[in-house]
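> coords please:
(2 chains)
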Amino acid sequence: MLKRTLVANRGEIACRILRACKEAGIEGVAIHAANDAGSLFTEIADIAIPLQGEGLAETYLNQEQILEIAIQNGCDSIHPGFGFLSERADFAQLVMDSGLIWIGPSPEAITQMGDKMTARITMKAAGVPVIPGEEIDGGLEEVLAIAPSVGYPLLLKATAGGGGKGMRAVYEEENLESEAKAAMREALNAFGDDRVYVERLLTGSRHIEIQVLADKYGRTIHLGERECSVQRRHQKVFEEAPSVAIDAELRQAMGDAACDAARAVNYEGAGTVEFLVTPTGEFFFLEMNTRIQVEHPVTEMVTGVDLVREQLRIAGGEAMSCGDLNIRGHAIEVRLYAEDPANNFLPAIGQLKRFIPPTGPGVRLDTGVREGDAVTPDYDPMLAKLIVWAPSRKEALQRMGRALDEFVVLGCTTNVRFLRELCDHPDVVDGWTTTDMIDRLWPDGWNPDLPAAIADAGLLIASACESTNHGRTAASQSGSSQAPSPFSQLSRRYP
Amino acid sequence: MEFKTSDGRKEIEAHRDGLTFIHGATLVHMGNEIWLEMGGRKHKATAAKVGDTWWVHVLGHTLQFETIEAGASGADDDGGLTAPMPGKILDVLVSVGQNVKAGDALMVMEAMKMEHKIVAGHDGIVEAVNYNTGDQVIQGAELLSISDS
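Take a look at the predicted model:
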């Protein structure tokens, strides 16, 4: 059993983990940079410790400082969340060497899965299908020599990479040399390692991932798939479970492959195995994410498993509590970003003057912000994850549409309307979601479909607000003009 | 009343009847809450002013309307002389009294880790420079003014 856990993260995921700690009777310790003082997650924590220094490297990525805080405050464990230090094997090792519990897989498993080339080789050996392609250890000459055998279109990927950096699609042989040079340059700049590998680019495929859980007692299970094909700039915006493209048979095959992948690296805790699934139903290992993922709530909604709670349980040395896989209904998550979808999804900043999330049956909001907070350029622009559950996919889309219509965010541009239109798009309704769909549907960029009557109504509202000084007057009126509640006088009348 | 929107300037004429604003077939009831009436149906709206901009949420849409003061000279119609978003002034390229031409860069500011040039919308003389290099500015801050010439 864990007693006191330090959460080495911030924002939404820190809130999620700290709440899970509270529910499990574990004390939660937050750490925060100076510009995060007063953020929601520091309020949810039992103890909040300020980090010294400025910038990510000195704060949330500062391994020594974080570990020192954990030790000084009597923590017995560290949960890294996602991003930041979550996939840093050296940090996991440092934590364990200090006698603390690392809530995640072993440093060895992180290393094996973190290096894409090692992961490919390990997976091939474990019998997990991988994308046709070749690992390349040498330089440019080898890339040029191997490309013809892989075939076009092909994808150059940084061996040490992620996040789309060092990644280049090559459609014709004549572009190979220049693209390969660019990919290696980018990889060197981003990761200090210019190795790339070459694989076939599978167009029109779906990005589908399998959630796995493994405990210390030899049990490794999968919790079904998540469909994460709708992406912009290689980042997911719309995720769902289950996937319309997966039937029970394919789910079983992919689930077994994911469990094989996890066992091959002696995996422990929660992890995700990503696959590309072709239109013909073939699937190929992409990578394994050795952490809790942003989109974990959709799996929680359809399986009834609390993944973060299971992470805490497994790390504390207990067996996982979940039984057999039982997928029920349909869940969708959308990521609310502070960004301008009408301007190439560029990040936006501002102040959350109003922030009124939707409520009602089957609606869950995972967020790290509340009304009044400033949205700064210091951190990731994701404001919230809105998740809905409903008995069927159709009803889940309807519920998501309703919830997004209710979602009020004023003072900072967001993608809420983009997400709302996505829910009604025929391709999404029919389940034809592919990784290239946003570019395919809006090749010249997205613009809101705004009916003239609503634009006109908005103008009238703005002018009415301006002429009545709305907001300022409303506040003073509500303070003085309302009659006192009869309940406030009850005790006086009936002492 | 006149507003600046993403589609350009828009003017609105509405008449007021007590707490109700009427524009074509659309009514807005004010008080502590905003209610919109369209096609015989009632919809709740939310609005807030940030800087000079009214943000309005109605029927699932979020709209922005920047107020234009009545009788303004139109000198900053292009919106170029106010800070487009909060950020830091990186460089001031002109000084008071200087002649500038439309399109001249006046200031460089950094917002969202990206550089943004503040450009003159018309020919004129710099009348005021309100910020120095290194200053933090809020969204909508008037950075400079240029005379009409």
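
> C-alpha from now on. contacts and neighbour counts both.
OK.

> pretty sure A:Leu250 sits in a helix.
Yes - the secondary structure assignment for A:Leu250 places it in a helix, going by DSSP: H, G, I helix; E, B strand; the rest coil.

> what sits against it?
A:Leu250 makes contact with A:Gly281 under the criterion Cα atoms under 8 Å, 6 or more residues apart in numbering or on different chains.

> can you pull the pLDDT of it?
We note a pLDDT of 97 for A:Leu250 in this prediction.

> and it, how far is that from A:Ala241?
Applying Cα to Cα, to the nearest Å, one obtains 14 Å for the distance of A:Leu250 from A:Ala241.

> and the helix or strand containing A:Cys465, what's buried?
Taking DSSP states H and E as the criterion, A:Cys465 maps to helix A:452-468. Across helix A:452-468, burial judged by 16 or more other Cα atoms under 10 Å in any protein chain shown covers A:454-466.

> now the residues you listed as CSV including distance to chain B?
Rendered in CSV, the data for the buried residues of helix A:452-468 read as follows (distance: Cα to the nearest Cα, whole Å):
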residue, distance to chain B
A:Ile454, 8
A:Ala455, 8
A:Asp456, 9
A:Ala457, 7
A:Gly458, 6
A:Leu459, 7
A:Leu460, 7
A:Ile461, 7
A:Ala462, 6
A:Ser463, 7
A:Ala464, 7
A:Cys465, 8
A:Glu466, 8
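
> can you tell me which of those is nearest B:Ala102?
If you rank the buried residues of helix A:452-468 by distance to B:Ala102 using Cα to Cα, A:Leu459 comes first, at 30.5 Å.

> just checking, the closest one touches B:Thr62?
No - counting by Cα atoms under 8 Å, A:Leu459 sits too far from B:Thr62 to count as a contact (11.5 Å).

> chain A contacts on chain B?
On the criterion Cα under 8 Å from any Cα of the partner chain, chain A has as its neighbours in chain B the residues B:1, B:12, B:14, B:21, B:23, B:26, B:28, B:30-32, B:34, B:36, B:46-50, B:54-63, B:65, B:85-86, B:112-113.

> show the buried residues in those.
B:1, B:14, B:21, B:23, B:26, B:28, B:30-31, B:34, B:36, B:46-50, B:54-63, B:65, B:85-86, B:112.

> tell me which of those residues fall in strands.
B:21, B:23, B:26, B:28, B:34, B:36, B:46-50, B:54-58, B:61-63, B:65 (DSSP state E).

> tell me the domain ranges of the chain?
Chain wasn't specified; assuming chain A. Residue ranges for the structural domains of chain A, counted by automatic domain parsing, are given in the record as A:4-103, A:132-200, A:206-441.

> my question was about chain B
Chain B breaks down into these domains under automatic domain parsing: B:2-68, B:87-146.

> tell me the pLDDT at whichever residue of chain B sits closest to chain A?
Proximity of chain B to chain A (Cα to the nearest Cα) peaks at B:Gly60, 4.0 Å away. Here the pLDDT value assigned to B:Gly60 is 96.

> low-confidence stretches in the stretch 51-200 of chain A?
Low-confidence segments of the stretch 51-200 of chain A, defined by pLDDT under 70, span residues A:135, A:137-138, A:162-164.

> now do the helices in it.
Listed in chain order, the helices found in the stretch 51-200 of chain A under DSSP state H, counting those that start in this stretch are A:55-58, A:63-72, A:89-97, A:107-114, A:116-125, A:140-150, A:176-191.

> distance to A:Gly304 and mean neighbour count for those helices - can I get that in CSV?
What follows is these, written out as CSV (distance: least, Cα to Cα, whole Å; neighbours: other Cα atoms under 10 Å in any protein chain shown):
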stretch, distance to A:Gly304, mean neighbour count
helix A:55-58, 35, 14
helix A:63-72, 32, 17
helix A:89-97, 29, 18
helix A:107-114, 27, 21
helix A:116-125, 29, 19
helix A:140-150, 42, 15
helix A:176-191, 38, 18
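
> out of those helices, flag the one nearest chain B.
When these are ranked by proximity to chain B, the top entry is helix A:55-58, at 13.4 Å, counting by Cα to the nearest Cα.

> can you show me the CA trace of that closest one as PDB?
Taking Å, rounded to 0.1, in the frame of the first residue of the first chain, the C-alpha atoms of helix A:55-58 are listed here in PDB:
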ATOM      1  CA  GLY A  55      11.500  27.200 -17.300                       C
ATOM      2  CA  LEU A  56      10.700  23.500 -17.700                       C
ATOM      3  CA  ALA A  57      14.300  22.300 -17.400                       C
ATOM      4  CA  GLU A  58      14.700  23.800 -14.000                       C
END
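
> ok, and what's touching it?
Outside of helix A:55-58, the residues within contact range by Cα under 8 Å, 6+ apart are A:52, A:62.

> circling back: least confident of the domains of chain B, on average?
Among the domains of chain B, domain B:87-146 carries the lowest mean pLDDT, at a mean of 85.

> quick one: contacts for the residue nearest to the spatial centre of chain B?
The centre of chain B sits closest to B:Glu66, judged by Cα atoms, centre = their mean, with a distance of 3.9 Å. Contact partners of B:Glu66, counting by Cα under 8 Å, 6+ apart, are B:3-5, B:52-54.

> what's the answer for A:Val130, then?
With contacts defined as Cα under 8 Å, 6+ apart, A:Val130 is in contact with A:120, A:123-124, A:284-286.

> okay if I get these as JSON lines plus distance to chain B?
Compiled in JSON lines, those are given as follows (distance: Cα to the nearest Cα, whole Å):
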{"residue": "A:Arg120", "distance to chain B": "36"}
{"residue": "A:Met123", "distance to chain B": "40"}
{"residue": "A:Lys124", "distance to chain B": "42"}
{"residue": "A:Phe284", "distance to chain B": "38"}
{"residue": "A:Phe285", "distance to chain B": "36"}
{"residue": "A:Leu286", "distance to chain B": "32"}
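
> from those residues, which two are the most distant?
A:Lys124 and A:Leu286 (11.6 Å).

> ramachandran angles for the residue of chain B most remote from its centre?
Using Cα atoms, centre = their mean, the residue of chain B lying farthest from its centre is B:Gly40. It sits 32.6 Å away. Comment: the main-chain dihedrals of B:Gly40 come out as phi 80, psi 0, following degrees, to the nearest 10.

> where does B:Gly79 land on pLDDT?
Each residue has a pLDDT score; the one for B:Gly79 is 41.

> kindly report the same for A:Cys412.
pLDDT, A:Cys412: 96.

> please identify which helix or strand holds it.
With elements delineated by DSSP H and E, A:Cys412 resides in a region that no helix or strand encompasses.

> so how many other residues sit close to it?
For A:Cys412, the number of neighbouring residues by other Cα atoms under 10 Å in any protein chain shown comes to 21.

> ok, it to A:Ile49 distance?
For A:Cys412, the distance to A:Ile49 equals 29 Å [Cα to Cα].

> one more: A:Leu144?
Using Cα to Cα, one obtains 52 Å as the distance from A:Leu144 to A:Ile49.

> show me where the stretch 351-495 of chain A has strands.
Secondary structure of the stretch 351-495 of chain A by DSSP state E, counting those that start in this stretch: the strands cover A:354-356, A:363-367, A:374-375, A:382-390, A:408-410.

> tell me the most buried of those?
By mean neighbour count, with neighbours taken as mean count of other Cα atoms under 10 Å in any protein chain shown, strand A:408-410 ranks first of the strands of the stretch 351-495 of chain A at a mean of 25.

> so what are the sheet partners of it and their directions?
strand A:354-356 (antiparallel) (DSSP bridges).
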